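1. I need the structure of the sequence given here:
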Amino acid sequence: MLKTGGISLDVRLNNQRVMVALDVQSREEALVLAKALQGSGCWLKVGLELYSYTGPMMIQELKALGFPIFLDLKLHDIPTTVERAIRGFVQCGADMINVHCSGGYDMMARAGNAVREEGSKLKSIPKVIGVTVLTSMSETQFRQEMGVQRNLGEHVVELAVLAEQAGLDGVVASAKEATDIRKSTKADFLIVTPGIRPAWSEAQDQARVLTPSEALDAGSSYLVIGRPITRSEDPRQALERLWT
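-> Modelled structure (predicted):
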């Protein structure tokens, strides 16, 4: 079997579809994890927790280590504010940025246009995707707490279709909805799936979960995985264990 950087080519290709969530509170913790995963082929996800403690410089430091970066701040505001903010995130070097689909068509469209316009000045244009329904939310919570009458799966698909119409590159959605999203959108539409838990890990605070292999089979493009990797004694081994 071919190997590159000490790992098999098959494992490296699978790793390229994994976004490791650096949900920590300091630059030092993030860099320790990043260096443990360097050369594996995976993405790194900078979410609200890490960003709030370290700011945009963290993105540039992680990029310098060779990682593509998913900036997961879930922007949700009036269209003008989102458009202006997202230009700054493109300039920081993020490779993928997300907004909330529930912000509506105009907000998503203006975010997508801003990313493409700002990205055209750089070496590559980042992807911009829309968050549908958080994977921590169950069907019961969705109906009783949010007051939405249609079922959760239908709502996710409708938001995905709206995101595609607004010009976004994809959505964040549970793998449980990925198959139906695939039927309703173009083949190259991205589905980024949080709530991934290997068979050997606990679900923790996620409600709609699947294993990595189940998610890929369902049609997910990228898998967001955090604690099963980052809280392991050996993060690199845990990453590669996803595929065994």
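
2. quick one, strands of this structure?
-> All strands of the chain, identified by DSSP state E, fall at 3-4, 7-8, 18-21, 43-47, 69-75, 96-100, 127-131, 170-172, 190-193, 222-225.

3. among those strands, which is nearest residue 58?
-> With Cβ to Cβ as the criterion, residue 58 lies closest to strand 43-47 of the strands of the chain, at 6.1 Å. Bear in mind the C-beta positions are built from the backbone N, C-alpha and C, glycine included.

4. and the closest one, what does it pack onto?
-> strand 18-21, helix 27-37, helix 57-64, strand 69-75 (3 or more Cβ pairs under 8 Å, 6 or more residues apart in numbering; DSSP states H and E).

5. pick the most deeply packed of these.
-> Using mean count of other Cβ atoms under 10 Å, the stretch among the helices and strands packed on strand 43-47 with the greatest mean number of neighbours is strand 18-21 (a mean of 25).

6. show residues contacting it.
-> By Cβ atoms under 8 Å, 6 or more residues apart in numbering, the residues outside strand 18-21 that reach it are 33, 37, 42-45, 47, 70, 72, 192, 194, 212, 222-227, 229-230, 235, 239, 242.

7. show me which of those residues are buried.
-> Among the contacts of strand 18-21, those that count as buried by neighbour count (16 or more other Cβ atoms under 10 Å) are 33, 37, 42-45, 47, 70, 72, 192, 194, 212, 222-227, 229-230, 235, 239, 242.

8. now stretch 17-24, how far from the chain's geometric center?
-> Counting by Cα atoms, centre = their mean, to the nearest Å, stretch 17-24 is centred 8 Å from the centre of its parent chain.

9. kindly report the same for stretch 90-106.
-> 11 Å.

10. could you export that stretch as CSV, CA atoms only?
-> The C-alpha coordinates for stretch 90-106 follow below in CSV (Å, rounded to 0.1, in the frame of the first residue of the first chain):
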residue,chain,number,x,y,z
VAL,A,90,-11.7,35.9,4.1
GLN,A,91,-8.7,38.3,4.5
CYS,A,92,-7.7,36.2,7.6
GLY,A,93,-7.1,33.2,5.4
ALA,A,94,-10.0,31.0,6.3
ASP,A,95,-10.7,28.3,3.6
MET,A,96,-14.4,27.8,4.6
ILE,A,97,-16.7,30.1,6.5
ASN,A,98,-20.3,29.5,7.6
VAL,A,99,-23.5,31.6,8.2
HIS,A,100,-26.9,30.6,9.6
CYS,A,101,-29.4,29.6,6.9
SER,A,102,-32.1,31.0,9.1
GLY,A,103,-30.7,34.5,8.4
GLY,A,104,-32.6,34.2,5.1
TYR,A,105,-32.0,34.4,1.4
ASP,A,106,-30.6,37.9,1.2
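
11. now do the same contact list for the most centrally placed residue in the chain.
-> In the chain, the C-alpha closest to the average C-alpha coordinate belongs to residue 192, at a distance of 5.0 Å (Cα atoms, centre = their mean). Residue 192 is in contact with 19, 70, 96, 98, 129, 170-173, 220-224, counting by Cβ under 8 Å, 6+ apart.
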